[in-house]
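sequence? don't have it. structure:
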């Protein structure tokens, strides 16, 4: 009896966040930029994510996302080839971007913020991803982050003109996760 | 000088529209033929943006011109043999059709290519078509072929005007020139 009570007491402390696999066929990762005052949307068709998350074990949660920048598609051939070129994503030099988060905050019942870091083009900067967590099997994660492209020297130099290409870029993701 | 068209000459409105469109077309042709060779960069985006803004402006001017033609009526056809009058009417109709088709095909090309269309940095114009590589290729080709067709018809139109002016020595060109007097006005 005493043992059971002890076990029950200790149980919450020993919770380990669950590891999930991303169902890539039903998940997406994309971005919205703006050129000449008009928004355009792009998607990465190739990315991988290791998601370990439990709303009750934030300290043990961890995101690691690797994005193949060469898979960017904004339904515009000229823009996509420029985007993958040296001045923007520099895909040939650094083919992947990486997002890692180990610190999480709870906003309300199902909304959280991951205070992580994004490495893009060899530059690492803090980027916060706010997301809604829908537990279950599959679990769902729907989130978005706002970042400044020039923080990562994406389109630096002559492309830096913010009147033509907005500095702010919104990144959005929707992940279908199976344990 | 009168606003409306008369028996002897084109009025101010028609003349201004005619020569403004000539000027725009020259600039558009130079931009259109040279801009594709520009190195990729912000200047290329801006040059394309200028070409598109001017193209939309030409579209508006052509529509104004057609509207004015409906309101004020054209100057009467120049006398001449039947085949010449027919050819002139056909050429004028072709000019109007091509001058509408040029900007519209460019707009459609731009839409299918999934580029923004912002008129002189002020307003974003809607898409005529969804993004589609197949349609993009079709309208790219159309925009180019229509241009060369337009060049041909414009040359025919100009040649006819000069033939009237120098060979027939009539008022066909003069009545479209703001600074020159027609024969009827002199007498």
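Done, it's in. These numbers were taken from a predicted model, which means no experiment stands behind them.

how about residue B:150, nearest residue that isn't a chain neighbour?
residue B:98 (4.4 Å; CB to CB, 6 or more residues apart in numbering or on different chains). Every C-beta, even on glycine, is put in place using the N, C-alpha and C of the backbone.

what's across from the residue of chain A found nearest chain B in the sheet?
Proximity of chain A to chain B (CB to the nearest CB) peaks at residue A:38, 3.4 Å away. Counting by DSSP bridges, residue A:38 forms beta bridges with residue A:35.

am I right that it is in contact with residue B:124?
Yes - with contact defined as CB atoms under 8 Å, residue A:38 counts as touching residue B:124 (5.1 Å).

which neighbours do the two have in common?
Residues touching both residue A:38 and residue B:124 by CB atoms under 8 Å, 6 or more residues apart in numbering or on different chains: B:116, B:117, B:118.

how many neighbouring residues does the residue lying closest to the second one once chain neighbours are set aside have?
Nearest-residue entry for residue B:117: residue B:125, 4.5 Å, with adjacent residues in sequence omitted and distances by CB to CB, 6+ apart. Residues within reach of residue B:125, counting by other CB atoms under 10 Å in any protein chain shown, total 16.

what does residue A:43 give?
Here the count is done by other CB under 10 Å, and residue A:43 has 15 residues near it.

for residue 58, give me its contacts.
No chain specified, so I'll use chain A. Going by CB under 8 Å, 6+ apart, residue A:58 touches A:104, A:105, A:106, A:112.

wait, I meant chain B there
Per CB under 8 Å, 6+ apart, neighbours of residue B:58: B:21, B:24, B:25, B:28, B:99, B:102, B:103.

and which of the residues you listed is nearest to residue B:56?
Closest approach to residue B:56 among the contacts of residue B:58 (CB to CB): residue B:103, at 6.4 Å.

please name the nearest non-neighbouring residue to the closest one.
residue B:59 (3.8 Å).

need the next SSE after the lowest-mean-pLDDT helix or strand in chain A, C-terminal direction.
When the helices and strands of chain A are scored by mean pLDDT, DSSP states H and E, helix A:2-10 comes last with a mean of 55. Per DSSP states H and E, helix A:2-10 leads on to strand A:18-22 as the next helix or strand towards the C-terminus.
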